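What follows is a predicted protein model with its sequence.
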Amino acid sequence: MKKFMKNTKIKRRNFIKTVSVAGMGLTFHVPSYAAHQKNKNTTVRFGVIGTGNRGTHLLKILTGIEDVEIVSLCDINKSHLDNALNVCVDAGRKRPEGYFKDENSYKQLLNREDIDAVIIATYWDSHAPIAKYAMEQGKYPAVEVPAAITLDQCWDLVNTSERTGIPCMMLENWSFRRDNLAVLNMIRDGLLGEMVHCHCAHSHDCIDHWFFDANDGSQRWGAKYLINYNRDQYPTHSMGPVLSWMDINCGDTINQIYSAATASKGINAYMKRRFGADHPNAKQEYRQGDIVTSTLKTKQGKTIIINYDMQLPRPYDNRWMIQGTLGIYNEQREAVYLTGKSPKYHEWEPFLPYEKEYLHKWWKNQKNTTEGHGGVDGLEIELFVKAVRDKTNTPIDVYDSVTMSAIVPLSGLSIEKNQPVEFPDFTRGKWKGRKPYFAV
């Protein structure tokens, strides 16, 4: 990560502090709270918007980080909010102030002058508007995945971040996995040669807990997306590590996407099997195909295959495979083959010894290796807190956040048109000169 240049002439009364982000071609204006920070150990003041399961999980991580003050929480569900407020108290923290009146109550939280950063864990369609408002109020947003679900929302986040100078980070936790970071170190050390092709997926049967209630089959908040859209609904876990593996937005850029979807069979089959043919959701028509396959092409001639697979019975799997001119890594096999290094010609060897040898510094220094997906969530939140405290760019920047998120609407558009569609360059050409920054 590149640190902001220091400005020693700033006085406490100044409204903003102008700093440059090396390698990004941007000028960021860090808001007034930055001028109040005396050193890197200054307390970072947080708000949390959205205190359901995910938001409360991230809140618990915050309660365990030193020099973090949890100032305020917001949720339109009063019971969720009360539970989260009690989480803070049970952790020995001061009881935050809560906001819950209506869907605009998040603005009351973000209008406060005693908040530096906010975690946003609301429903998908509200992520981008809240993050945009946060940046306009001078707060660092850490927004859950996907950061946006329309192209207009993607551009709103980019334009607002560039205009206000406030970094915006999507909390794509799979970018921070121990194995994925080890693969990144191997790639940067040249073991796989020049990158050529990647396959990735989000294969996770979510019908009975994300989209529908397991007890009675009623629709949960996510079901409306399956009824109204046919697209890759959740591409960021697939693409998280791939962007840095393939230097996307830092020397290369995606310029085209073509997506195709199967018929929708899995949801109705599940409902009939579990609740009977007369259940309303067994008769419901769903636009969402069971499997969506997207092919992405880059300016430098790389290809990426992404599978959305969240509606058919199957164990969890990401199916990462990254292939270069000197070798290949396969996550499903937990194996690699490296030209001139693997002991047997054209035979896989175990990945684990390489994971240990190329363990990333973040994991060498990670104290809590169990909090959230084996420590992944704790690591990304700690790194975000550090970025806010140090007034640097975030571990995942706004360009990568929207690039991953844009696959949602673009895959839907490609399926609808049955043809490839252009992928926007959110960096506006800066990818040509940007150097890799993630996990450097």
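That came through, no problem. Residues are numbered from 1 along each chain as shown.

List the contacts of the residue nearest the centre of the chain.
Central residue of the chain (Cα atoms, centre = their mean): E172, 2.3 Å from the mean position. Going by Cβ atoms under 8 Å, 6 or more residues apart in numbering, E172 touches 145, 236-237, 239-240, 396, 401, 404. Placement of C-beta: from N, CA and C, glycine included.

Mind checking which of these are in helices?
Among the contacts of E172, the members falling in helices (DSSP state H) are 236-237, 239-240, 401, 404.

Tell me the predicted confidence for G375.
pLDDT, G375: 88.

what's the answer for the one 4 residues further on, then?
With respect to pLDDT, L379 has a value of 95.

quick one: which of the contacts of E172 is nearest N159?
Nearest to N159 out of the contacts of E172 is S401 (Cβ to Cβ; 13.4 Å).

thought K94 was touching L85?
No - look at K94 against L85 with Cβ atoms under 8 Å: they stay out of range, at 10.5 Å.

Counting neighbours, go ahead and name the busier of these two.
Remark: of K94 and L85, L85 carries more neighbours, 21 against 10, as counted by other Cβ atoms under 10 Å.

which regions of the chain lie under the pLDDT threshold?
1-41, 367-372 (pLDDT under 70).

Mind splitting it into its structural domains?
17-172, 175-363+396-432 (automatic domain parsing).

got the end-to-end distance for the last one?
Using Cα to Cα, to the nearest Å, the end-to-end distance of domain 175-363+396-432 comes out at 22 Å.

hmm, back to that, could you pull up the residues touching the residue lying closest to the residue nearest to the centre of the chain once chain neighbours are set aside?
Spatial nearest neighbour of E172, chain neighbours left out: G240 (4.2 Å); criterion: Cβ to Cβ, 6 or more residues apart in numbering. Neighbouring residues of G240 by Cβ under 8 Å, 6+ apart: 172-175, 180, 404.

The same query, at a cut-off of 7 Å, please.
Counting by Cβ atoms under 7 Å, 6 or more residues apart in numbering, G240 makes contact with 172, 174-175, 404.

Surely H57 is in a helix?
Yes - counting by DSSP: H, G, I helix; E, B strand; the rest coil, H57 is part of a helix.

picking up where we left off before, please convert the domains of the chain to CSV, extending it with distance to H373.
Below are the domains of the chain laid out as CSV (distance: least, Cβ to Cβ, whole Å):
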stretch, distance to H373
domain 17-172, 10
domain 175-363+396-432, 8
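
Where do the strands of the stretch 301-440 of the chain begin and end?
Ranges of strands in the stretch 301-440 of the chain, per DSSP state E, counting those that start in this stretch, are 303-309, 321-324, 327-330, 335-338, 349-350, 421-422.

Same list, those, but as JSON lines with mean neighbour count and distance to H360 please.
Shown next, in JSON lines, are these (neighbours: other Cβ atoms under 10 Å; distance: least, Cβ to Cβ, whole Å):
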{"stretch": "strand 303-309", "mean neighbour count": "21", "distance to H360": "22"}
{"stretch": "strand 321-324", "mean neighbour count": "22", "distance to H360": "16"}
{"stretch": "strand 327-330", "mean neighbour count": "21", "distance to H360": "15"}
{"stretch": "strand 335-338", "mean neighbour count": "20", "distance to H360": "16"}
{"stretch": "strand 349-350", "mean neighbour count": "13", "distance to H360": "19"}
{"stretch": "strand 421-422", "mean neighbour count": "14", "distance to H360": "34"}
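
could those be laid out in CSV, adding distance to S264?
Formatted as CSV, the strands of the stretch 301-440 of the chain follow (distance: least, Cβ to Cβ, whole Å):
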stretch, distance to S264
strand 303-309, 12
strand 321-324, 27
strand 327-330, 30
strand 335-338, 34
strand 349-350, 39
strand 421-422, 22
